[in-house]
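Enquirer: fold the stuff below for me.
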Amino acid sequence: MMSSTTKVVVVFLAAIVAGCGVETGKGVDWQARREQVKAAFVHGWDGYSKYAWGADELRPSSNSSHDWLHLGATIVSSLDSLLIMDLKEQYGKAVDWVHSSMKVDQDVEVSLFETTIRVLGGLLGAFDLSRDEALLRRAAEVADRLMPAFTSEQHGIPAKTVNLHSGKVGTDDISLAEVGSLQLEWRYLSYHLAEAGVPDAGKYQRAVDAAFDAIVAQQVPEDGLYPDDWNPASGESSDDHISFGGGGDSFYEYLLKQYLQNGQREPRFLDLFQRTLRGIRSRLLRKSRPSGYLYVDEYDHGLYTGRVEHLSCFLGATFALYDFQVADQRRSEWGEGIGRTCYQMYRQTATGVAPESIQFVTNKDFMVSNPHNYLRPETVETLMYLYWITGNETYREWGWDIFQAFEKYSRTPTGYSGLENVEENGADLLHDDLQQAFFFSETLKYLFLLFSEPGYKDIRLDTHVFNTEAHALTMFNKPLAQVLHNGATAGLPSSASASEAAAAVASAPSASSAAASGSSASASGSASGGSASASGGASAMGSMFATSDLGGPAPGAAPNQSQGSNDSSKDSSNDSGNDNNKNNNNNNTKNGGTGQPPQSQAQSQSQSLPPLYYNNNANNNALQPQ
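Expert: From the prediction side, this is the model:
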């Protein structure tokens, strides 16, 4: 029995813990764990600073540098992570480099997509947190150097690559994700430049909307599933490969997030996303046997492959976000099911680190198909969303397991490296000698936020959208079209050069009044600060379609008559790419408009879906590891 003195001491210590703001759950000090993530960030950052400063990435085994964008990708894409983690000294050095040493006018050919999500997104994410208008000016400079990619072909589909100095563009095919994952960043840039009074700020929004419309106008598949590869010269798709991994992934992510970014004012994006959800349900959603792991299949040249890439683990976050924001639900059967599956990709390897891809097989759940690990973020992204939305601390525990595995097997004396084979955990363990820039901008950031309470640093899932490189951008509190119309009335003629436009931003009124430009929802104390209105009417549709009987064709099987292939896809012998890289010639690939009249809200409601909510089917229990 506890003495009265002991009771007093216990109460006193509990009061100290509460007063210090230590976040606990089931006896776990999550603030302490978050600090361990921060320490890991500093460890990798110090190695990069010492051996690769100014280069895109560090090679942490050979202590050398690696360049492919030639824009200091680790620095630029980590700016907002440094702000979120309160690493003020490191941020000061990094932002000074951006302002004084980052060279945008270089004779180098860069990926339009990768430069947008990493560099443009990094600058805008840091601007969103800091309101440093010099970062907005740098973002405009980068966008102007990329702009020739949008004017090279008559069909509207942009070029895959562009030379930052000459504007010369490449002629290779471009992926669906590369075309459809530019809009959040370029629209945000237009919005805030227009707010600052820069003339013709809408040119960035018009460019990416035209690119998006070129895909949608070409074909709107009945099932909402688009082929991965597109030819800028012809404006047509060049294969029939459908994937939510590299090549397709973030196109679908941005359908939902474009709808949310503009305050749910453009229902056509929601309609397209819901069409995709129907296509997933009818053609691609599967459950493995015997454990019932939920996954979204891949379709390639007439066959369902059963192959799942780690890149596709973003789907758990996207499904959960749809349920929270559109269907007004805090449980997401699909989101939680994908989260469970992706956690098992880690749990079932010798290192506890996930492979690049797995292969689902009949009656044996899955096996590793590509054993490489690139320090990818998609699983911890999903776990962060699931915790912030549901409040279930199991997702934090899973994230902690993943972080510990990285610490044990990926850490080197000067940083963190990918693994050549996640099934080798002894003397044969081999690092790939590359510390990916996205390990700072995404993986560690999502882990840090997972171990933080929802709304940390005023970042909330109902006031911000994360781009596909984890840069949080505040949603628009005014309609984009209205801001662009009002912002085009002062200053310079529409033909103003990039330098003149930059000068206009410098002399324009401060954008600080827009610092909370998406914070139209008041803080409610809920897990993510409350839910937004469901203008799509999804919550009125009743219960979610059940997944308890999902099976689908066996891996490698052809579609049956009712499923069919995507009618608007074109058969092609062109393979979609190798297992670890769909979109460029290095291992850094992330893949991962208003041109048409928007549908009315009534039309959107008539096509809305029920919530993807969690049912209590034991076989679907996303919270019980098998």
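
Enquirer: show me where pLDDT drops low in the protein?
Expert: Residues of the chain that meet the criterion pLDDT under 70 lie in 1-26, 152-153, 219, 488-626.

Enquirer: let's see that with 90 instead.
Expert: Applying pLDDT under 90 to the chain flags the ranges 1-27, 151-156, 216-222, 233-240, 301, 427, 486-626.

Enquirer: which element is the residue positioned nearest the centre of it on?
Expert: Per Cα atoms, centre = their mean, the C-alpha nearest to the average position across the chain is that of T468, at 2.5 Å. Counting by DSSP states H and E, no helix or strand carries T468.

Enquirer: so it touches F251, yeah?
Expert: No. T468 is beyond contact range of F251, at 9.6 Å (criterion: Cβ atoms under 8 Å). For the C-beta atoms, the positions are set from N, CA and C on the backbone; glycine is no exception.

Enquirer: quick one: common contacting residues for these two?
Expert: S181 (Cβ atoms under 8 Å, 6 or more residues apart in numbering).

Enquirer: so W230: helix, strand or coil?
Expert: The three-state label given to W230 by DSSP: H, G, I helix; E, B strand; the rest coil is strand.

Enquirer: what of the one 3 residues further on?
Expert: Applying three-state DSSP to A233 yields a three-state assignment of coil.

Enquirer: look up how far D172 lies from it.
Expert: Counting by Cβ to Cβ, to the nearest Å, the separation of A233 from D172 is 10 Å.

Enquirer: sorry, back to before: any idea how far Y259 is from the residue nearest to the centre of the chain?
Expert: Taking Cβ to Cβ, one finds T468 at 15 Å from Y259.

Enquirer: got it, and A354?
Expert: A354 is 30 Å from Y259, by Cβ to Cβ.

Enquirer: please apply the same query to Y456.
Expert: Per Cβ to Cβ, Y456 is found 25 Å from Y259.

Enquirer: give me the more crowded residue out of the two.
Expert: A direct count of neighbours by other Cβ atoms under 10 Å for Y456 and Y259 places Y259 higher, at 27 against 15.

Enquirer: does the more buried one really touch P267, like I thought?
Expert: Yes. Using Cβ under 8 Å, Y259 is in contact with P267, at 7.3 Å.

Enquirer: any chance you could map the helices in the stretch 151-300 of the chain?
Expert: 176-180, 183-195, 203-218, 249-261, 267-279 (DSSP state H, counting those that start in this stretch).

Enquirer: the inter-axis angle of the third one versus helix 183-195?
Expert: An angle of 140 degrees separates the directions of helix 203-218 and helix 183-195 when computed by axes from the mean of the first three to the mean of the last three Cα atoms, to 10 degrees.

Enquirer: residues contacting S369?
Expert: Counted by Cβ under 8 Å, 6+ apart, S369 has contacts 307, 355, 357-359, 579.

Enquirer: one more time with 10 Å, if that's ok
Expert: 305-309, 355-361, 579 (Cβ atoms under 10 Å, 6 or more residues apart in numbering).

Enquirer: show me those residues that map onto strands.
Expert: Judged by DSSP state E, strands contain the following of these: 307-309, 357-360.

Enquirer: could the residues you listed go into JSON lines alongside distance to H372 and neighbour count?
Expert: As requested, the ones in strands among the contacts of S369 are exported to JSON lines (distance: Cβ to Cβ, whole Å; neighbours: other Cβ atoms under 10 Å):
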{"residue": "R307", "distance to H372": "14", "neighbour count": "22"}
{"residue": "V308", "distance to H372": "15", "neighbour count": "28"}
{"residue": "E309", "distance to H372": "11", "neighbour count": "27"}
{"residue": "S357", "distance to H372": "9", "neighbour count": "23"}
{"residue": "I358", "distance to H372": "12", "neighbour count": "27"}
{"residue": "Q359", "distance to H372": "14", "neighbour count": "17"}
{"residue": "F360", "distance to H372": "19", "neighbour count": "25"}
